[in-house]
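Student: Sharing a model prediction with you, sequence too.
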Amino acid sequence: MRAGIAVLCAVLCGCAQPPLAPNADAGPGAGPAVSRAEHPPSARAAASARQAELAKAASEAGDHAHALAHHEVLALLDPANPSHRQAAEASRLAIERAVREHLAAGAAARRAGDASRARDAYLRVLAQNPRNAEAAAALREIEQQQMARTQADRAARARSMETLVTGAKSRAQAQTQAESYDLEQRIELVRAGDVTAGLREARAWVEANSGDREGRGRLAAAVAERARDAERKGQRESALSLYEAANALRGEPLPEWTGKARELRRALGEAQYADGVRAMRTDLSVAISHFESSLRFDPEHARARERLREARAAQEKLRKLAPR
């Protein structure tokens, strides 16, 4: 529910309905050029429609965690519609069902001795619910068992002093692998799991291991892969956020990722500017919101800055002309 509330705060930024701009051709004292019945859909209605699309896409992709977040936002935007709460409950049940199925598949694979298949099943559990303790514990046990088998095999081959020395080195290597297991699990979560949970875990690892440049680079590369995937799908805001997160995790920004982020900021700024120009004719508050968003993405967008000044001036003029 907290994820839904966080999304709702962003959605409601432009929901207020300001006075309509007067019809300049109708002369002084004329009413609004567009009646309320003909007014375009409100920002709240548009936000609801967008959330519904995102919820449907997430559900169809099997991403029940994101679907749940969008349904919760819809329930907050339109509390009188019981279908949103029903859909949110259906997503919760789908998450629980998926977690049960993957846990069962992982347990079955372990009984059959298929550690690789079991590991994949438990990673799918964490993709649905990153806090699932049973899956995290099972993954640790699988890794420990694999390392124990490796060490046992090496110990069985110890027949000479050279073998004993080799075994000592192998044990030291196994200790290093045990310490790096935490990093490997977080990289896999970024690649195959929920992006938000993956980034949270990646940042926690970097905070605890800030001096490990190699590990930071590997985590950053995994995040950049997700950024490229989002960019291919047309999810420009998500791609921008991921490229910037990749640079932050790496510690030393990569020129390629910095350039991609710059291009996305300019494209998003231009898109927000175009939306603001269209909204100028009907809704000054919405237009102002778009121009402000354009400048947040691209502070150098001169046309957006000029249009924002014009829109604010027009809004102030209308406020003064409004009857008191």
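Tutor: Sure thing, it's come through.
Student: what about the helices in the stretch 1-150 of the chain?
Tutor: Ranges of helices in the stretch 1-150 of the chain, per DSSP state H, counting those that start in this stretch, are 2-11, 43-60, 64-77, 82-111, 115-128, 133-156.
Student: Tell me which of those helices lies nearest to R266.
Tutor: Of all the helices of the stretch 1-150 of the chain, helix 2-11 sits nearest to R266, with 21.5 Å by Cβ to Cβ. No exception for glycine: its C-beta is placed from N, CA and C like everyone else's.
Student: Quick one: mean pLDDT for the closest one?
Tutor: Mean per-residue pLDDT for helix 2-11: 51.
Student: for stretch 267-285, same thing?
Tutor: For stretch 267-285, the mean confidence score works out to 93.
Student: Buried residues of that stretch, list them for me.
Tutor: By neighbour count on 16 or more other Cβ atoms under 10 Å, the buried set for stretch 267-285 is 268-273, 275-277, 279-280, 282-285.
Student: Go ahead and produce PDB holding the CA coordinates of that stretch.
Tutor: C-alpha atoms of stretch 267-285 as PDB (Å, rounded to 0.1, in the frame of the first residue of the first chain):
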ATOM      1  CA  ALA A 267      13.700  14.100 -25.200                       C
ATOM      2  CA  LEU A 268      11.500  14.100 -22.100                       C
ATOM      3  CA  GLY A 269      11.900  17.900 -21.700                       C
ATOM      4  CA  GLU A 270      10.800  18.400 -25.300                       C
ATOM      5  CA  ALA A 271       7.800  16.000 -24.800                       C
ATOM      6  CA  GLN A 272       6.600  17.900 -21.700                       C
ATOM      7  CA  TYR A 273       7.000  21.200 -23.500                       C
ATOM      8  CA  ALA A 274       4.800  20.000 -26.400                       C
ATOM      9  CA  ASP A 275       2.200  18.800 -23.900                       C
ATOM     10  CA  GLY A 276       2.300  22.200 -22.300                       C
ATOM     11  CA  VAL A 277       1.800  24.100 -25.600                       C
ATOM     12  CA  ARG A 278      -1.300  22.000 -26.300                       C
ATOM     13  CA  ALA A 279      -2.700  22.600 -22.800                       C
ATOM     14  CA  MET A 280      -2.200  26.400 -23.000                       C
ATOM     15  CA  ARG A 281      -5.400  26.700 -25.000                       C
ATOM     16  CA  THR A 282      -7.600  25.000 -22.400                       C
ATOM     17  CA  ASP A 283      -6.000  24.600 -19.000                       C
ATOM     18  CA  LEU A 284      -3.200  27.000 -17.800                       C
ATOM     19  CA  SER A 285      -2.500  25.000 -14.600                       C
END
